[in-house]
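based on what follows, work out the 3D shape:
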Amino acid sequence: MADTTGTGLPQALAIAWGMQEAPQRGPARGLTHARIVAAAIEIADTEGLGAVTMQAVAKSLGFTTMSLYRYVSSKDDLVRLMQDAAVTSTETVELPDDWREALRTWAGLVRDAYRAHPWVLETPRGQLSVLMPASVRAADMGLAALAGLDLADGDKVAAILLISQHVSSMVELEQSLAAEGTPAITPQGGEALREVITADHFPHLAPIMAAGGYVVGEEQAAEAEGVDAEYEFGLDLLIAGLESLERRRHST
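Next up is the predicted model:
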């Protein structure tokens with residue numbers, strides 16, 4: 001990616017870190033990077049990420065599309081700036097002393113950010129995204145949460161990556177289930193599936209099906225509370241794994 005900023009950094013990264021100022025002259029001098037990003041986020045929040053175009057953002061601000069390109073060179077850069085702004089929290093959070101509880105608190109903050117702006121989960125993730133200010137702050141807080149865990153820095157970085165992936169996957173699943181609305185499987189449909197998913201062919205899953213598990217029907221859906229149980233179970237497994245890794249690393 002070409003350096004157009006004189007910083008050695010791609011434009012989105014330079015803008016996000018305040019290394020590239022907005023143009024001071026020209027017909028669109030009333031614009032700012034912050035105004036453009038805020039307008040794009042508003043469109044994404046109300047209509048989805050697919051509705052965000054340079055033309056749509058320009059129209060919402062009362063400027064021409066070409067005016068935006070003086071500030072942000074492409075939609076890809078705009079989306080990266082949107083992602084960064086959407087998951088940035090101005091709150092100062094005091095983490096618990098115990099690293100396990102601190103990690104749960106950190107994971108909860110990441111989850112809240114994704115829930116507030118679920119379209120962020122559709123944005124590209126890669127080298128640039130992890131170097132944006134919001135990602136760096138989140139990583140720093142994640143490492144602060146793990147300060148009491150006696151593992152190498154590389155292990156801790158890998159741990160917060162895995163936990164953030166767990167969080168994002170659970171939010172994606174939560175959003176997908178909410179979008180489905182009414183369960184697709186009726187009680188009659190559940191019975192039909194149990195007749196073909198039998199112990200002869202599926203010896204481990206069939207007993208769970210027979211007990212009313214695995215398939216989400218109308219009754220189970222009415223009692224379910226999102227994916228909170230699965231989210232907590234996943235955190236339990238990851239935390240237990242980190243505890244085990246710490247013990248294993250120091251017993252050898």
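
for the nearest residue to residue 64 once chain neighbours are set aside, what are its contacts?
Excluding its sequence neighbours, the residue lying closest to residue 64 (CB to CB, 6 or more residues apart in numbering) is residue 58, at 5.9 Å. C-beta: built from backbone N, CA, C; applies to glycine. Residue 58 makes contact with 64-65, 67-68 under the criterion CB atoms under 8 Å, 6 or more residues apart in numbering.

rerun at 10 Å
With contacts taken as CB atoms under 10 Å, 6 or more residues apart in numbering, residue 58 has the following neighbours: 28, 31, 36, 39, 64-69.

same list (these) but as a markdown table, adding distance to residue 213, neighbour count and secondary structure.
Conversion of these to a markdown table gives the following (distance: CB to CB, whole Å; neighbours: other CB atoms under 10 Å; DSSP: H, G, I helix; E, B strand; the rest coil):
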| residue | distance to residue 213 | neighbour count | secondary structure |
| --- | --- | --- | --- |
| 28 | 58 | 19 | coil |
| 31 | 55 | 22 | coil |
| 36 | 49 | 26 | helix |
| 39 | 46 | 22 | helix |
| 64 | 57 | 13 | coil |
| 65 | 53 | 13 | helix |
| 66 | 57 | 11 | helix |
| 67 | 56 | 20 | helix |
| 68 | 51 | 22 | helix |
| 69 | 54 | 13 | helix |
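
could the residues you listed go into JSON lines alongside distance to residue 166 and pLDDT?
Rendered in JSON lines, the data for the contacts of residue 58 read as follows (distance: CB to CB, whole Å; pLDDT from 0 to 100):
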{"residue": "28", "distance to residue 166": "42", "pLDDT": "55"}
{"residue": "31", "distance to residue 166": "39", "pLDDT": "88"}
{"residue": "36", "distance to residue 166": "33", "pLDDT": "96"}
{"residue": "39", "distance to residue 166": "32", "pLDDT": "97"}
{"residue": "64", "distance to residue 166": "43", "pLDDT": "93"}
{"residue": "65", "distance to residue 166": "39", "pLDDT": "94"}
{"residue": "66", "distance to residue 166": "43", "pLDDT": "92"}
{"residue": "67", "distance to residue 166": "41", "pLDDT": "91"}
{"residue": "68", "distance to residue 166": "36", "pLDDT": "92"}
{"residue": "69", "distance to residue 166": "38", "pLDDT": "91"}
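
doesn't residue 203 make contact with residue 210?
No - the pair formed by residue 210 and residue 203 falls short of the contact definition of CB atoms under 10 Å, at 11.7 Å.
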